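# Below: sequence and its predicted model.
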Amino acid sequence: MSRFWSPLVNDLVPYVPGEQPKMANLVKLNTNENPFGPSPKVIEAIKAELNDGLRLYPDPEGEALRETIAEYHGVTRDQVFLGNGSDEVLAHIFYGLFQHGEPILFPDVTYSFYPVYCGLYKIEGKPVPLTDSFEIDPEDYRQPNGGVIFPNPNAPTGRYLPLEQVETILKANPDRVVVVDEAYVDFGGESAITLVDQYPNLLVSQTLSKARSLAGLRVGFAVGHRDLIEALNRVKNSFNSYPLDRLALAGAKAAYEDEAWFRKSCDGVISERERVTEALELMGFEVLPSKANFVFARHKEHSGEALAKSLREQGIIVRHFNKPRISEFLRITIGTAEQNDALIKGLQSI
Ligand SMILES: *Cc1c(COP(=O)(O)O)cnc(C)c1O
């Protein structure tokens, strides 16, 4: 608190990202980064941009990258909006599409940035409880609201909602925007982007941080009806005309041009996820079925907090949320085979 702060800042409750420890040699399984790294073609493309061209502003509309993403997903360029990470895209969605004087709906157990944006923009958020098995029940989203948002697969549960059920939510809310945050969709889910031409109220957001292993580059995007995209452009151009720099634009485009690398990386995560799940179950963990690059698991006898603490003492970092309903769970990012082996060994020793 300082007398220089605006009252708004005083009331803010900021998001707390997973820790990025400075120590080397840690087995870092706490922030859902992709252990296989970006395509070498991404690195080449970024290096090719390291020249005198950096004195010029980047393309404010990111035309070339939008064209690449549009083509990849079978939509048109004016259905694609780019942002500096999907977090920024989500912020513009909250500002531009969710302020209707009614509460927006999201699951009670979900990405903890949603309530933070509600606080930033003074939007009322109404958490909708997941079922006892931590699933989204589409019927719960038939109630007055100012908009709906949920990740699919959900985070931190990893549970995936089939597209027919996403459609139930879309049909129940024809006059409100329904945002499907697909940060993890490439690890086994099916994207709702195939539905955007059918539902003018659908907006899908994705990121290059997870499946494309570019968390450090900060690129995300949304796909939807051009009227929704226009709203986001109006917000963006009232905030920062150049959210993506030259390196990010070039690197992201190259990521979409190396499909083989992308597939191999996702397949590697999926097969390791199945292996880790089996090993955890053998040790007495309940593991929620995951279509993400992490698993969410709790043990019958050991508390989540104690397990996270003992793992940390062994140099293995996982995410533990001290929150209602999920305080007994650990969210464990799928790492390389070696990292996952270390995790399994570490848990066995406990
Ligand atoms: C990681 C994540 C994001 C943010 O991704 P960035 O593009 O890195 O900002 C958005 N939503 C969910 C559910 C995530 O887990």
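Yes, it's here. Residues are numbered from 1 along each chain as shown.
# C-alpha from now on. contacts and neighbour counts both.
Noted.
# Give me the distance between the helix or strand containing A279 and the centre of its chain.
Using DSSP states H and E, A279 maps to helix 259-282. Average the C-alpha atoms of helix 259-282, do the same for its chain, and the two points are 18 Å apart (C-alpha atoms, centre = their mean, to the nearest Å).
# again, but for stretch 320-328
The answer for stretch 320-328 is 19 Å, by C-alpha atoms, centre = their mean.
# can you list contacts of that stretch?
For stretch 320-328, the surrounding residues in contact (C-alpha atoms under 8 Å, 6 or more residues apart in numbering) are V109, R298, H299, S303, G304, E305, A308, F329, L330, R331.
# now do the same end-to-end measure for it.
From its first residue to its last, stretch 320-328 covers 8 Å (C-alpha to C-alpha, to the nearest Å).
# Likewise for stretch 144-161?
With C-alpha to C-alpha as the measure, stretch 144-161 spans 22 Å from end to end.
# do that stretch and the ligand meet?
Yes. Applying C-alpha under 6 Å from any ligand atom, one finds stretch 144-161 touching the ligand at P151, A155.
# What mean pLDDT does that stretch get?
The average pLDDT for stretch 144-161 rounds to 98.
# coming back round to it: the contacts of stretch 320-328 in strands, which ones?
Among the contacts of stretch 320-328, the members falling in strands are R298, H299, F329, L330, R331 (criterion: DSSP state E).
# wait, doesn't V109 sit right on G158?
No. If you go by C-alpha atoms under 8 Å, V109 and G158 don't touch, sitting 10.9 Å apart.
# quick one: which of these two has more around it?
G158 (25 against 22; other C-alpha atoms under 10 Å).
# Run a quick neighbour tally on M23.
Counted with other C-alpha under 10 Å, residues neighbouring M23 total 7.
# cool, and S6?
Neighbourhood size, S6 [other C-alpha under 10 Å]: 10.
# Spell out which parts of the stretch 51-200 of the chain neighbour the ligand.
Residues of the stretch 51-200 of the chain lying near the ligand (C-alpha under 6 Å from any ligand atom): G85, S86, D87, Y111, P151, A155, D181, A183.
# Please convert these to a markdown table, extending it with distance to D140 and neighbour count.
A markdown table is the format used below for those (distance: C-alpha to C-alpha, whole Å; neighbours: other C-alpha atoms under 10 Å):
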| residue | distance to D140 | neighbour count |
| --- | --- | --- |
| G85 | 30 | 22 |
| S86 | 26 | 23 |
| D87 | 26 | 20 |
| Y111 | 18 | 18 |
| P151 | 16 | 26 |
| A155 | 18 | 24 |
| D181 | 18 | 25 |
| A183 | 23 | 24 |
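# Can you say which two of the residues you listed are spatially most distant?
With C-alpha to C-alpha as the measure, no two of those lie farther apart than G85 and A155, at 16.8 Å.
# Distance of E338 relative to R212?
Noted for E338: a distance of 20 Å to R212, by C-alpha to C-alpha.
# Check V42 too.
10 Å.
# the more surrounded of those two?
More crowded of V42 and R212, by other C-alpha under 10 Å: R212, with 26 against 23.
# quick one, what contacts the more buried one?
By C-alpha under 8 Å, 6+ apart, R212 lies in contact with N34, G37, P38, S39, A255, F262, S265.
# what helix or strand is the second one on?
Element membership of G37 [criterion: DSSP H and E] is none; it lies in no helix or strand.
# what about the strands in the chain?
So, for the chain - with DSSP E - the strands run 27-29, 80-83, 104-107, 125-128, 148-151, 178-181, 202-207, 220-224, 285-287, 294-299, 316-318, 329-333.
# As TSV, those strands with distance to A91 would be great.
Formatted as TSV, the strands of the chain follow (distance: least, C-alpha to C-alpha, whole Å):
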stretch	distance to A91
strand 27-29	26
strand 80-83	10
strand 104-107	14
strand 125-128	14
strand 148-151	12
strand 178-181	12
strand 202-207	11
strand 220-224	12
strand 285-287	31
strand 294-299	24
strand 316-318	27
strand 329-333	24
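# So which of the ones you listed is nearest A70?
Closest to A70 of the strands of the chain is strand 80-83 (C-alpha to C-alpha; 6.6 Å).
# Name the residues of the closest one that are buried.
Residues of strand 80-83 classed as buried by neighbour count (16 or more other C-alpha atoms under 10 Å): V80, F81, L82, G83.
# Paired strands for it, with orientation please.
In the sheet, strand 80-83 lines up against strand 220-224 (antiparallel) (DSSP bridges).
# Pull the residues that contact the partner strand.
79-89, 193, 196-197, 200-209, 229.
# ok, of the residues you listed, which come out buried?
79-89, 193, 196, 200-209, 229.
# in the stretch 251-350 of the chain, what residue is nearest the ligand?
Relative to the ligand, the nearest point of the stretch 251-350 of the chain is A292 (9.4 Å; C-alpha to the nearest ligand atom).
# Ok, the stretch 151-300 of the chain next?
For the stretch 151-300 of the chain, the residue closest to the ligand is T207, as judged by C-alpha to the nearest ligand atom, at 4.3 Å.
# got a list of what that residue touches?
Counting by C-alpha under 8 Å, 6+ apart, T207 makes contact with G85, S86, E182, A183, V219, G220, F221.
# Quickly list what it is bridged to.
Under DSSP bridges, the beta-bridge partners of T207 are G220.
# And the pLDDT for it?
98.
# now do P21
Note on P21: pLDDT of 84.
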